[in-house]
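>>> Need a 3D model of the sequence below.
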Amino acid sequence: MITIRKASDRGGANHGWLDTHHTFSFADYYDPKHMGFRALRVINDDRVTAGQGFGSHPHRDMEILSYVLAGALAHKDSMGTGAVIRPGDVQRMSAGTGVVHSEFNASDRDEVHFLQIWIQPDKAGIRPGYEQKTFPDEDKRGRLRLVASRDGRDGSLTIHADASVFAGVFRESETGELALGEKRHAWVHVTQGTVRVNGNDVSEGDGVAFSDERVVRIEGVGTGEVLVFELG
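Down below sits the predicted model:
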């Protein structure tokens, strides 16, 4: 079964400094039909104005990924990590027993556009951790490049969850496929542009859920970028 969730159906709010869209229930947006998908709990599509951001706040027992689409995001946390995340970078923060962090637009001129993603971990109470890697467009062009996985294979980030995350950039006539094993599921999120997912044209902010399907097929329509979450 394939189900499409259009970008226009998401929740969200414009706070002036933050324009945010929520694929799943989050903060003041609550929809009992969209509480998450398998272990995937949050996809927040955030645009933050210059010099603004999320002040220090706590998390625990969640795998948190940040994926920057434009601009630069400055990260600080209670583990002593300080980093700037730019397009092509993927950040993983394991909240575990508890971590405090902040995320601010690193520019005093330009907007930052990024995705905040939460995945429920396999086990509670792990030691907090941080990891960041760069996956340039040429590594993602015309294919689904593994960027996060439970075992950190193929140079991907290591997440403590039954999930694998792939990123791909597809131009017209380029195609990528991901085989799904028995009792496996997938969620496709279109980060930019337009792509064709198993014959369905979908655009920025749209999501596609897969259950009881054997393959995810991505075709380029113009130029588009996707994240694909393969889940138990």
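>>> Check whether residue 105 really touches residue 49, as I assumed.
Yes: the pair residue 105 / residue 49 is scored as a contact, 6.7 Å apart, by CB atoms under 8 Å. In short, each C-beta sits where N, CA and C put it, glycine included.
>>> Count the residues that sit near residue 98.
Neighbours of residue 98 under the rule other CB atoms under 10 Å: 12.
>>> any idea how far it is from residue 162?
Between residue 98 and residue 162 the computed distance is 22 Å (CB to CB, to the nearest Å).
>>> re the thing from before, quick check: neighbours shared by residue 105 and residue 49?
In terms of CB atoms under 8 Å, 6 or more residues apart in numbering, residue 105 and residue 49 are both contacted by the residues residue 111.
>>> the more surrounded of those two?
Legend: neighbour count by other CB under 10 Å for residue 105 and residue 49, higher for residue 105 (25 against 16).
>>> and the more buried one, what are its bridge partners?
residue 73 (DSSP bridges).
>>> give the contact list for it.
Residue 105 makes contact with 48-53, 71-74, 111-112, according to CB under 8 Å, 6+ apart.
>>> can I get the residues you listed in a markdown table with distance to residue 190?
Output for those, formatted as a markdown table (distance: CB to CB, whole Å):
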| residue | distance to residue 190 |
| --- | --- |
| 48 | 21 |
| 49 | 24 |
| 50 | 26 |
| 51 | 29 |
| 52 | 26 |
| 53 | 25 |
| 71 | 19 |
| 72 | 22 |
| 73 | 20 |
| 74 | 26 |
| 111 | 20 |
| 112 | 19 |
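>>> can you map out the helices along this structure?
Assigned by DSSP state H, the helices in the chain fall at 137-140.
>>> Next, name the residue at the spatial heart of it.
Geometric centre of the chain, nearest residue: residue 117, 4.5 Å, by CA atoms, centre = their mean.
>>> which residue packs closest to it, ignoring adjacent ones?
residue 65 (4.2 Å; CB to CB, 6 or more residues apart in numbering).
>>> separation between that neighbour and residue 214?
26 Å.
>>> More neighbours: which of the two?
residue 65 (24 against 10).
>>> Quick one: residues contacting residue 172.
220-223.
>>> Give me the buried subset of those residues.
220-221 (16 or more other CB atoms under 10 Å).
>>> pLDDT check: weakest of the contacts of residue 172?
Within the contacts of residue 172, residue 222 has the lowest pLDDT, namely 89.
>>> Show me what the closest residue in space to residue 87 that isn't next to it in sequence is bridged to.
Once flanking residues are discounted, residue 87 sits nearest to residue 68: 5.3 Å by CB to CB, 6+ apart. Judged by DSSP bridges, the bridge partners of residue 68 are residue 114.
>>> Select the longest strand from this structure.
Counting residues, the longest strand found in the chain (DSSP state E) is strand 215-231.
>>> Give me the buried positions along it.
Here strand 215-231 shows 216, 218-221, 224-231 as buried, counting by 16+ other CB under 10 Å.
>>> want to throw those residues into TSV with distance to residue 17?
Shown next, in TSV, are the buried residues of strand 215-231 (distance: CB to CB, whole Å):
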residue	distance to residue 17
216	36
218	34
219	37
220	34
221	33
224	28
225	25
226	28
227	25
228	31
229	29
230	34
231	33
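>>> Pick out the most distant pair among these.
The largest separation in the buried residues of strand 215-231, counting by CB to CB, is between 221 and 231 at 25.2 Å.
>>> what's the closest residue to residue 102 other than its chain neighbours in contact with, if anything?
Spatially, and ignoring its direct neighbours in sequence, residue 102 is nearest to residue 56 (4.7 Å; CB to CB, 6+ apart). Going by CB under 8 Å, 6+ apart, residue 56 touches 76, 100-102.
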